[in-house]
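Enquirer: can you look at this prediction? I've put the sequence above it.
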Amino acid sequence: MLASTNLPRGEETRPANLALRVSDLSFAYPDGQMAINRVSLQVVPGEKVALVGPNGAGKSTLLLHLNGILVGQKGSIQVGELNVNPRSLRQVRSRVGMVFQSPDDQLFSPTVFDDVVFGPLYQGLSESEARARVEQALCAVGMQAYAKRVSHHLSVGEKKRIAIATVLSMDPELLALDEPTAGLDPRARRGLIRLLGSLPQTLVVATHDLAMVREILPRTIIMDQGFIVADGPTATLLQDQELLEAHGLEI
């Protein structure tokens, strides 16, 4: 098995320019169940990283820490030079775009335009600047003709693209996506994979879709029972059948 490259207590080489640093992070739910256990990782700008592992491994919980939706009981997170804490949440959430597994958790306005413009207005942009951001974001996901549509009348694949547009409109540096291809038919899945592969932002993607991982995410982190158990090149880890089977994964 390929060992994790993470050294959680400051012994690792520290690149000067990081998109994300998670240091010795632990989190337990109120019932005492440890969801994340002393997790440390670093992501450089522009890197595309997969988080994989069985259900309950801690992948989604880790994502929810990246923009302060959850707060670890131990450890720390930095986004760029910002420490994630209650005082920095507004700035952090402008930098980290969180895309939930269910787009219905993200789309709540009367129209697609209203959903996508919400973030830029929250950031304090003028109406003209916000409109320009909406146009750019919808263009990026191929949904520019949908601005006046009702979000909840769209297909799942269309909703997922709009959900991504809602975070792209805030011009984030990092996108955290939870199971982006779940529930999609083959055509919608293929279109979404092409979209994600084309985005310039740093990506951290929690997923069970190992075919997608192999195609567009060059680095893979395997989690199990709250721990990082392997971290390395996707091509190497996905060839290790023993490692995959040991942690509930298969191609």
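Expert: Happy to help now that I have it. Residues are numbered from 1 along each chain as shown.

Enquirer: show me where this protein has helices.
Expert: In the chain, the helices defined using DSSP state H lie at 59-65, 89-95, 112-122, 127-140, 156-168, 186-198, 210-216, 234-237, 241-246.

Enquirer: same list (those) but as JSON lines, adding mean neighbour count and mean pLDDT.
Expert: Quick note: C-beta positions are derived from backbone N, CA and C, even for glycine. Formatted as JSON lines, the helices of the chain follow (neighbours: other Cβ atoms under 10 Å; pLDDT from 0 to 100):
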{"stretch": "helix 59-65", "mean neighbour count": "23", "mean pLDDT": "96"}
{"stretch": "helix 89-95", "mean neighbour count": "18", "mean pLDDT": "92"}
{"stretch": "helix 112-122", "mean neighbour count": "21", "mean pLDDT": "95"}
{"stretch": "helix 127-140", "mean neighbour count": "17", "mean pLDDT": "96"}
{"stretch": "helix 156-168", "mean neighbour count": "24", "mean pLDDT": "96"}
{"stretch": "helix 186-198", "mean neighbour count": "15", "mean pLDDT": "96"}
{"stretch": "helix 210-216", "mean neighbour count": "18", "mean pLDDT": "97"}
{"stretch": "helix 234-237", "mean neighbour count": "17", "mean pLDDT": "97"}
{"stretch": "helix 241-246", "mean neighbour count": "13", "mean pLDDT": "96"}
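
Enquirer: wait, which of those helices is closest to M34?
Expert: Closest approach to M34 among the helices of the chain (Cβ to Cβ): helix 59-65, 9.9 Å.

Enquirer: elements contacting that closest one?
Expert: strand 20-28, strand 34-43, strand 48-52, strand 174-178, strand 202-206 (3 or more Cβ pairs under 8 Å, 6 or more residues apart in numbering; DSSP states H and E).

Enquirer: quick check: which of these is nearest to R133?
Expert: strand 174-178 (15.5 Å).

Enquirer: ok and that closest one relative to strand 34-43, angle-wise?
Expert: Here the directions of strand 174-178 and strand 34-43 differ by 150 degrees (axes from the mean of the first three to the mean of the last three Cα atoms, to 10 degrees).

Enquirer: ok, residues contacting strand 174-178?
Expert: 19-20, 43, 59-60, 63, 66-67, 79, 95-101, 164, 167, 196, 199, 201-207 (Cβ atoms under 8 Å, 6 or more residues apart in numbering).
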